[in-house]
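1. Next input, structure requested:
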Amino acid sequence: MSGDPVFGFNSEDADALIRMIPSSGLGGPSGVHPGVPGYGDPWTLIGVVATGGITARSGTTPGTGTVNVYWVNDSGTLAHYNSQTITAYNLSSAAIVAGKYVMCKRDYISWKWFVDFEDC
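-> Modelled structure (predicted):
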């Protein structure tokens, strides 16, 4: 049945498997629309920086921190999505404080999340 869990197969395994699918040259596997998340395309998400903030980049080491994943719900308001969080990397030389709204993009090669911009 679709949607049943496969025991012993986690989301990291799924990400690795997806990255092995041959590309159509459009960022996704052959026959899959390039806009479908999870098929080699960079994803974008809305987030709010969690307690502790995101540290600044130091030399060639990106800063890191936790971001709460948000979405615009059916009422048209921003809401925390199923209590999900991600680890996000910061390429800026400035730290990002907790509570800031950010957009994050997923890198195609490393599959890591990077802060694209923050709320001013």
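2. okay, now the domains of this structure?
-> 1-41, 42-118 (automatic domain parsing).
3. So which of these is the most surrounded?
-> domain 42-118 (a mean of 15; mean count of other C-beta atoms under 10 Å). C-beta: built from backbone N, CA, C; applies to glycine.
4. Ranked by average pLDDT, which of the domains of the chain falls at the bottom?
-> Of all those, mean pLDDT reaches its minimum on domain 1-41 (a mean of 56).
5. Pull the residues that contact the helix or strand where Asp116 lies.
-> Secondary structure from DSSP states H and E places Asp116 in strand 113-118. By C-beta atoms under 8 Å, 6 or more residues apart in numbering, the residues outside strand 113-118 that reach it are 44-45, 49, 54, 62, 67, 86-92, 96, 100-107.
6. That one: partners in the sheet, and parallel or antiparallel?
-> For strand 113-118, sheet partners with direction are given as strand 78-90 (parallel), strand 101-106 (antiparallel), following DSSP bridges.
7. can you list contacts of the longest one?
-> Residues lying outside strand 78-90 but in contact with it, judged by C-beta under 8 Å, 6+ apart, are 45-48, 50, 54-57, 62-73, 96, 101-102, 104, 112-115.
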